[in-house]
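# A structural model of the following input is requested.
(chains A and B, ligands or ions: 2)
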Amino acid sequence: MAVSIQYLNGIMTAKLSGELDDHTTQEIRKNIDAQVEKRHPTILRLDFSHITFMDSSGIGLIMGRYRIIKFLGGELQIVNVPLRIMKILEISGMRALGIDIKGVGKND
Amino acid sequence: MIEINEMNISFLSKSINESFARNVVASFLLQLDPTITELADIKTAVSEAVTNSIVHGYGDQNGIVYINAKIFDNGKVIIKVKDKGCGIDNIERAMEPLFTTGIERAGLGFAVMQSLMDNVKVQSKLNKGTTVILEKNIIRRYYNDDKQ
Ligand SMILES: Nc1ncnc2c1ncn2[C@@H]1O[C@H](COP(=O)(O)OP(=O)(O)OP(=O)(O)O)[C@@H](O)[C@H]1O
Ligand SMILES: [Mg+2]
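Ligands and ions are numbered 1, 2, ... in the order given. I've put the predicted structure just below:
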């Protein structure tokens, strides 16, 4: 399973693992959206610590979840982003959108 | 600049082949002794171009995606990703960041390719297909005389 989802006190944490591309994001998107629709979390946290590859399909995944969670009045957090994946996120200028992104081992 | 090696693959436009394609190209390039970063950059760019052929070029149709890669003695790598799909009517607009005709897409594939590679060229004809040419110079860390 490329995503495991936990829910506690309004915070939904989706732990992603493996390679995030056009193929793998299809399944991950379905899983996350089904859970978000069911629980309406106030925070959706995507944990990237076990992501080994990402292309722009991953950016599409993030932006899509961002739209949904904003619509529901919640907040999106991206945590434990490995350096390599951060490089792709920087190219996309996603911080400018107001998405909360934290690298591996960093608190800011 | 002397060509030292070349590879060709073709495969069906199925999304499961996206990882196959980028990993084959990366394996082929190992003979240039690239850094992990150089290899990861190329892998990502190839993934972008291949995904575009599968998602946009062919869409619901089944088609064949072709990849040709050449390496040169000075460390230059030229990778061509080609499809015989729907083609792009306005290449300039397609390459603009955030432009997309897809659903749930960022429109950043070309921006990612351009930022990770030294040069990106796009040739396309409506209803004929698209070829994306990706170029990168791998820094040679030692001179390899072997021309096989
Ligand atoms: N091989 C292709 N055949 C036909 N159209 C293409 C092809 N490659 C790109 N395009 C067109 O160019 C647009 C931009 O491509 P780009 O990769 O930058 O973004 P995207 O694929 O839409 O989104 P993302 O790559 O962020 O998932 C596409 O939406 C599509 O309209
Ligand atoms: Mg794309």
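# for A:Ile69, give me its contacts.
Contact analysis of A:Ile69 by CB atoms under 8 Å, 6 or more residues apart in numbering or on different chains lists A:Val36, A:Pro41, A:Leu44, A:Glu75, A:Leu76. C-beta: built from backbone N, CA, C; applies to glycine.
# where does it land in three-state SS?
At A:Ile69, secondary structure determined by DSSP: H, G, I helix; E, B strand; the rest coil is helix.
# what about the residue nearest the centre of chain B, distance to B:Gly87?
For chain B, the residue nearest the mean C-alpha position is B:Val46 (3.5 Å; CA atoms, centre = their mean). Applying CB to CB, to the nearest Å, one obtains 20 Å for the distance of B:Val46 from B:Gly87.
# also B:Leu126?
Spatial separation of B:Leu126 from B:Gly87 under the definition CB to CB is 4 Å.
# quick revisit: among the contacts of A:Ile69, who's most crowded?
Neighbour counts for the contacts of A:Ile69 were taken using other CB atoms under 10 Å in any protein chain shown; the highest belongs to A:Leu44, with 24 neighbours.
# give me the nearest residue to that residue, chain neighbours excluded.
Closest residue in space to A:Leu44, ignoring its immediate chain neighbours: A:Ile69 at 4.8 Å, by CB to CB, 6 or more residues apart in numbering or on different chains.
# how close does that neighbour sit to A:Arg95?
Look at A:Ile69 and A:Arg95: by CB to CB, they are 17 Å apart.
# contacts only, for the residue nearest the centre of chain A.
Closest residue to the average C-alpha location of chain A: A:Leu46 at 3.5 Å, with CA atoms, centre = their mean. Contacts for A:Leu46 were tallied using CB under 8 Å, 6+ apart; they are A:Ala14, A:Leu16, A:Ile62, A:Arg65, A:Leu76, A:Gln77, A:Ile78, A:Val79.
# same thing but 6 Å
Contacts of A:Leu46 were listed using CB atoms under 6 Å, 6 or more residues apart in numbering or on different chains, and they are A:Ala14, A:Ile78.
# what's the helix or strand for it?
Using DSSP states H and E, A:Leu46 falls within strand A:43-54.
# tell me the buried residues in that strand?
Residues of strand A:43-54 classed as buried under the neighbour-count rule (16 or more other CB atoms under 10 Å in any protein chain shown) are A:Leu44, A:Arg45, A:Leu46, A:Asp47, A:Phe48, A:Ile51, A:Phe53, A:Met54.
# can you tell me the closest non-neighbouring residue to the fifth one?
Put plainly, it is A:Phe48. The shortest distance from A:Phe48 to any residue other than its chain neighbours is 4.6 Å, reached at A:Val81 (CB to CB, 6+ apart).
# nice, that's everything, thank you.
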